[in-house]
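> sequence first, predicted model second:
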Amino acid sequence: MTGIEWSPDEILESGWYTTEEVASLLKVDPSSLRRWRTARPPQGPPFVQISGRVTRYSGADVIAYLMRKRIDPAVA
């Protein structure tokens with residue numbers, strides 16, 4: 001890990017984040033996000049592949065992904 005520490009409150013909907021930044025936010029290894037992107041079908045939060053080596057994640061997409069994954073025991 002790169003030592004970047006993010007909390008969900010710090011992610012900006014209008015921001016664009018690297019694989020390492022999103023991995024830090026989700027508390028997973030960056031290799032997990034890379035594996036999710038190459039899975040068929042792709043998994044994880046939506047991403048933009050700018051080039052073969054540059055991928056970015058929209059803050060709004062990451063927030064929406066987390067909200068879709070949220071399980072509320074009171075409702076379940």
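Nice, thanks for sending it over. Residues are numbered from 1 along each chain as shown.
> P42 against W36, yeah?
Yes: with contact defined as CB atoms under 8 Å, P42 and W36 form a contacting pair (6.8 Å). For glycine as for every other residue, the C-beta is placed from the backbone atoms N, C-alpha and C.
> the two - which one has more neighbours?
Set P42 next to W36 and count neighbours by other CB atoms under 10 Å: W36 wins out with 14 against 11.
> going along the chain, name the strands of the protein.
Counting by DSSP state E, the chain has strands at residues 16-17, 48-49, 55-58.
> quick one: strands adjacent to the second one?
Just to be clear, that refers to strand 48-49. Applying DSSP bridges to the sheet, strand 48-49 is found paired with strand 55-58 (antiparallel).
> and the top helix by length along the chain, average pLDDT?
In the chain, with assignment by DSSP state H, the single longest helix is helix 59-69. For helix 59-69, mean pLDDT rounds to 93.
> for it, buried residues please.
Neighbour-count burial for helix 59-69 flags 59, 61-63, 65 (criterion: 16 or more other CB atoms under 10 Å).
> ok, V28 to V22 distance?
To V22, V28 is 9 Å away according to CB to CB, to the nearest Å.
> number of residues surrounding P30?
17.
> with adjacent residues omitted, what lies nearest to it?
A23 (4.2 Å; CB to CB, 6 or more residues apart in numbering).
> excluding its backbone neighbours, what's nearest the most centrally placed residue in the chain?
Nearest to the geometric centre of the chain sits V22, at 4.3 Å (CA atoms, centre = their mean). Spatial nearest neighbour of V22, excluding adjacent residues (CB to CB, 6+ apart): Y57 at 4.8 Å.
> circling back to that earlier point, mind saving the C-alpha coords of the longest helix of the chain as CSV?
The C-alpha trace of helix 59-69 is given here as CSV (Å, rounded to 0.1, in the frame of the first residue of the first chain):
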residue,chain,number,x,y,z
GLY,A,59,-16.0,9.6,-6.6
ALA,A,60,-19.7,9.6,-7.4
ASP,A,61,-19.4,6.0,-8.8
VAL,A,62,-17.5,4.8,-5.7
ILE,A,63,-20.1,6.3,-3.4
ALA,A,64,-22.9,4.7,-5.4
TYR,A,65,-21.1,1.4,-5.4
LEU,A,66,-20.8,1.4,-1.6
MET,A,67,-24.4,2.4,-1.2
ARG,A,68,-25.5,-0.5,-3.4
LYS,A,69,-23.4,-2.9,-1.3
